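Enquirer: need a structure here:
(one chain, ligands or ions: 1)
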Amino acid sequence: MNKCFIPVNEPLLNGNEKKYLIECIDTGWISSEGYFVKKFEDKFSEYLGCNEGIAVASGSGALDIAVKALKIGPNDEVIVPTFTIISPVQSIIRAGAIPILIDSDPITWNMNVTLIEAKITPKTKAILVVHIYGLPVDMEPILELCKKYNLYLIEDAAEMHGQTYNGRLCGSFGDISIFSFYPNKHITTGEGGMIMVYDHDLANRCRKLRNLAFEINCRRFIHKELGWNYRMTNLQAAIGLAQLENIQNHIEKKRWIGTTYNKYLKDITKFQLPQQRTPYAENIYWVYGLMAETEEISEKAQKFLNKNGIGTRPFFWCMHEQPIFKDMGFFRNEVYPNAEKMARNGFYIPSGLGITKDQIKHVVDVLKSF
Ligand SMILES: *Cc1c(COP(=O)(O)O)cnc(C)c1O
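Expert: Numbering: from 1, shown residues only. Sure thing, here's the model as predicted:
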């Protein structure tokens, strides 16, 4: 890659990653049977204050397991934001269930929780919360709805390692909560994910689904249901453990990146910046998003930045506008104006953990000259 190019994300691997990886190779333990996997699961669940962690191959895999472990299937409805990565919605649809979409709040970019209750029906089984870009979803009203209507809560905290809602860590609220360790997340394992649960039987169900649904008290190779091979390797867990040791630094760096951009960009017009705080949280800036006044300005700004050696990424595309889901007969004629506007006008600029102050300044200068 061009040395002057500033990518949207670069991970930070400056702790014990190399040491633990060498240990894997020296001992020959590289598969999912290796001891770093259990250690990483234990340390991560201890950090979250959840009882059990199940390490998996990706955040998307964790969501497949979460939906299936809760026995959500045909004719069940699951409430989920339309503005999200595809993973939560594809897990719901692949389980045969029906995603019921919610529009976004234009300031926090999260799902507008005041719209949820009207969408609850006798078929509703769960609310699948997705925390978007840096601020958590307003959880209190959701917890109340789950209690009132006896719904499961699945929490997609893939972008929220270390973020809190009213002082409690995100990823500790769900009956099942999930994380991703893709390299643009606050800690990474290259590829990987984690499932967090409190209930021991549910944890065992997740472990079984991760491992081809091998039965526990039954002759090996006889199966009563279908699972996946979503196991995490010892190599990934070794990196994850080293990353977890540095999580506090990573969180502080993310907040420093976000507040540094806020400071330099505060007088900019034509773009809405990320909300710095809400009554329940301080932004953790998983990505640093900008919302242009129009789609045209967004496209022009991205082209200008790219031409000047700065990587950008457009915002998520709404689930109700996905060609694949339209083809499958979902979401016909549904309209969610706030989410549609975010998808069209939003993009994010470099904010990976590896970014330097000079790089941030350069991005700001180019943006200002635009
Ligand atoms: C990254 C992400 C995922 C998917 O994680 P992978 O590990 O890439 O499969 C799921 N949900 C959200 C909100 C994400 O940001």
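
Enquirer: For the rest of this, base every contact and every neighbour count on C-alpha atoms.
Expert: OK.

Enquirer: Tell me the residues on the stretch 101-250 of the chain that lie near the ligand, please.
Expert: 130, 156, 158-159, 180-182, 191-193 (C-alpha under 6 Å from any ligand atom).

Enquirer: Just the ones of the residues you listed in strands?
Expert: Members of those lying in strands (criterion: DSSP state E): 130, 156, 180, 193.

Enquirer: Return the member of those nearest to E282.
Expert: V130 (16.9 Å; C-alpha to C-alpha).

Enquirer: That closest one pairs with what?
Expert: Following DSSP bridges, V130 is listed with bridge partners D156.

Enquirer: Pretty sure it sits against F83.
Expert: No. Judged on C-alpha atoms under 8 Å, V130 makes no contact with F83 at a distance of 9.0 Å.

Enquirer: Identify the contacts common to those two.
Expert: Counting by C-alpha atoms under 8 Å, 6 or more residues apart in numbering, the common neighbours of V130 and F83 are 110-111.

Enquirer: just to revisit the earlier point, out of the ones in strands among the residues of the stretch 101-250 of the chain next to the ligand, who has the most neighbours?
Expert: S180 (32 neighbours; other C-alpha atoms under 10 Å).

Enquirer: Tell me which residues touch that residue, please.
Expert: Applying C-alpha under 8 Å, 6+ apart, the residues contacting S180 are 58-60, 157-159, 188, 191-194.

Enquirer: can you check A57 too?
Expert: Residues in contact with A57 (C-alpha under 8 Å, 6+ apart) are 191-193, 230-233.

Enquirer: give me that answer again for 10 Å
Expert: The contact partners of A57, by C-alpha atoms under 10 Å, 6 or more residues apart in numbering, come to 32, 180-182, 189-194, 210, 229-233, 236.

Enquirer: Find the nearest non-adjacent residue to it, please.
Expert: Nearest non-adjacent residue to A57, counting by C-alpha to C-alpha, 6 or more residues apart in numbering: G192, 4.3 Å away.

Enquirer: Assess the claim that the one you found and N234 are in contact.
Expert: No. Using C-alpha atoms under 10 Å as the test, G192 is too far from N234 to be in contact (11.2 Å).

Enquirer: joint contacts of these two?
Expert: Counting by C-alpha under 10 Å, 6+ apart, the contacts common to G192 and N234 are G240.

Enquirer: Can you report how many residues neighbour the residue nearest to A57?
Expert: Residues lying near G192 (other C-alpha under 10 Å) number 26.

Enquirer: Next up, the contacts around it.
Expert: 55-62, 179-183, 230-233, 236-237, 240.

Enquirer: hmm, try it at 6 Å
Expert: G192 makes contact with 56-58, 180-181, according to C-alpha atoms under 6 Å, 6 or more residues apart in numbering.

Enquirer: Now do the buried residues in the helix or strand L367 falls within.
Expert: Element membership of L367 [criterion: DSSP states H and E] is helix 357-369. Neighbour-count burial for helix 357-369, counted by 16 or more other C-alpha atoms under 10 Å, picks out 359-360, 362-364, 367.
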